[in-house]
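K.L.:
Sequence plus the predicted model coming up.
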Amino acid sequence: MKPLNDIRLRIVGPVALFAFVALFFRLDWYTKLPFKTILVNDPIALTAGLICWQVARWVVLKIQKRCPGLSNTRRRFLYLLAALPILVFWAWALRHGVRFLIDGKFLYFPNAVELSRTIGIQVFYHFIYFVIYEGWYILRQWQRETVESSDLEKMSLQSQLTSLQSQVNPHFLFNSLNSLSSLIRENPVAADQFLDELTSVFRYLLQAGEQQLIPLRDEIAFIQSYFHLLKTRYQAGLVLELDIDETQQAQLIAPLTLQMLVENAVRYNVILPEQPLHIRISTTPNGWLWVENTLQRKPLLVDTSGANLTNLATKYELLGQKTVLIEERRGWFIVSVPLLNGESVINLPKLLFTPD
């Protein structure tokens with residue numbers, strides 16, 4: 001959030017507020033004072049008002065910094081109520097203390113009613129201070145959260161579009177049909193198995209778009225079918241290792257996460273029989289899913305920053321979960337994705353559970 005720029009308000013505000021109170025609340029009392037007293041009293045009151053505005057502003061901003069966000073509005077209100085008597089006493093003491101230093105006496109109050117009215121005016125002043133700065137803060141917070149919500153919705157819609165595009169990737173479909181055509185002529189039995197796996201892949205792609213989260217066991221079953229199609233094409237150039245703890249099978253993951261990570265590995269690395277690409281998928285005891293591949297980048301000048309990886313990492317951050325970790329270690333490219341459970345996602349908005 002941008003710093004509050006209220007320099008003009010801090011100068012004009014106290015003057016306007018003082019004039020308003022002097023004209024509408026204290027006019028009868030002012031007419032009873034000697035003109036000389038008014039000439040002395042008004043500059044003191046105005047100067048005290050300028051100082052008290054700055055002090056009240058500082059207190060409100062400190063409370064907002066300590067209790068930020070719309071969720072802490074009630075807590076800030078209680079702090080402001082607690083600070084009000086202190087600020088009112090400070091303002092009263094400042095004004096009349098300066099008056100005492102000038103002419104050696106406090107401003108005369110003929111009775112308790114006049115004294116109460118003066119204190120009431122100080123309460124009114126500080127109430128206006130609080131309303132201005134707290135109302136301004138609430139409005140800015142609401143605008144920011146509205147913008148963030150809109151950006152999140154746009155990101156979700158873009159994510160869904162990207163998902164649909166990847167599901168009907170014409171290159172993937174074209175390569176799969178070519179492989180199937182070759183197998184039909186050369187090995188009908190293998191062609192039947194390939195067709196079964198292709199059917200499983202597309203069935204999962206259609207169903208995954210309707211799911212919020214998928215159990216890890218289903219995602220693993222899908223990636224095995226998906227890898228079978230890749231293996232048919234690349235043969236000995238592609239190796240998959242699975243090391244999934246049985247106790248982690250029920251954990252949840254965003255649909256098509258593994259497909260995207262495996263596809264990235266295949267897209268950006270050299271795959272040759274004499275230089276096979278190893279892909280290893282495993283779980284850790286502390287609830288992480290690791291997808292690793294040997295690092296053997298293609299010599300072409302391609303973008304290896306991984307826009308899909310960035311999108312996946314951003315999504316987990318927005319989910320309020322541990323961030324996705326991306327690193328290179330000893331010739332391996334490693335992506336670590338946190339596994340989710342029902343308790344960690346029960347209160348998260350449905351909008352966020354769209355597959356990438």
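P.N.:
Here it is on my side, so go on.
K.L.:
what about Leu80, distance to Glu134?
P.N.:
7 Å (C-beta to C-beta, to the nearest Å). All C-beta spots, glycine's among them, are computed from the backbone N, C-alpha and C.
K.L.:
residues shared between the contacts of the two?
P.N.:
Common contacts of Leu80 and Glu134 (C-beta atoms under 8 Å, 6 or more residues apart in numbering): Val60.
K.L.:
With neighbour numbers in mind, choose between those two.
P.N.:
More crowded of Leu80 and Glu134, by other C-beta atoms under 10 Å: Leu80, with 21 against 17.
K.L.:
Double-check that the more buried one belongs to a strand.
P.N.:
No. Assignment of Leu80 by DSSP: H, G, I helix; E, B strand; the rest coil gives helix, placing it outside any strand.
K.L.:
Tell me who's in contact with it.
P.N.:
60, 63, 130, 134.
K.L.:
Kindly recompute the last result at 6 Å.
P.N.:
Phe130 (C-beta atoms under 6 Å, 6 or more residues apart in numbering).
K.L.:
do you know how far it is from Val59?
P.N.:
Counting by C-beta to C-beta, the separation of Leu80 from Val59 is 8 Å.
K.L.:
What of Val12?
P.N.:
21 Å.
K.L.:
So for those two, which residue has more residues nearby?
P.N.:
Val59 (21 against 10).
K.L.:
buried ones in stretch 183-200?
P.N.:
Neighbour-count burial for stretch 183-200 flags 183, 191, 194, 197-198, 200 (criterion: 16 or more other C-beta atoms under 10 Å).
K.L.:
ok, now stretch 283-297?
P.N.:
283, 288-296.
K.L.:
Any regions of the stretch 51-200 of the chain where pLDDT drops low?
P.N.:
Across the stretch 51-200 of the chain, the ranges flagged by pLDDT under 70 are 98-115, 117, 152-174.
K.L.:
And the helices in it, which stretches?
P.N.:
Ranges of helices in the stretch 51-200 of the chain, per DSSP state H, counting those that start in this stretch, are 73-103, 112-167, 170-186, 188-208.
K.L.:
now swap in the stretch 251-356 of the chain and tell me
P.N.:
Under DSSP H, counting those that start in this stretch, the stretch 251-356 of the chain gives helices at 257-268, 307-318, 342-345.
K.L.:
rank those helices by pLDDT, which is bottom?
P.N.:
Comparing mean pLDDT over the helices of the stretch 251-356 of the chain, the weakest stretch is helix 342-345, at a mean of 56.
K.L.:
before we move on, back to that, please tabulate the helices of the stretch 51-200 of the chain in JSON lines, including the columns distance to Ile334.
P.N.:
What follows is the helices of the stretch 51-200 of the chain, written out as JSON lines (distance: least, C-beta to C-beta, whole Å):
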{"stretch": "helix 73-103", "distance to Ile334": "42"}
{"stretch": "helix 112-167", "distance to Ile334": "22"}
{"stretch": "helix 170-186", "distance to Ile334": "25"}
{"stretch": "helix 188-208", "distance to Ile334": "24"}
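K.L.:
Kind regards, and thank you for your time.
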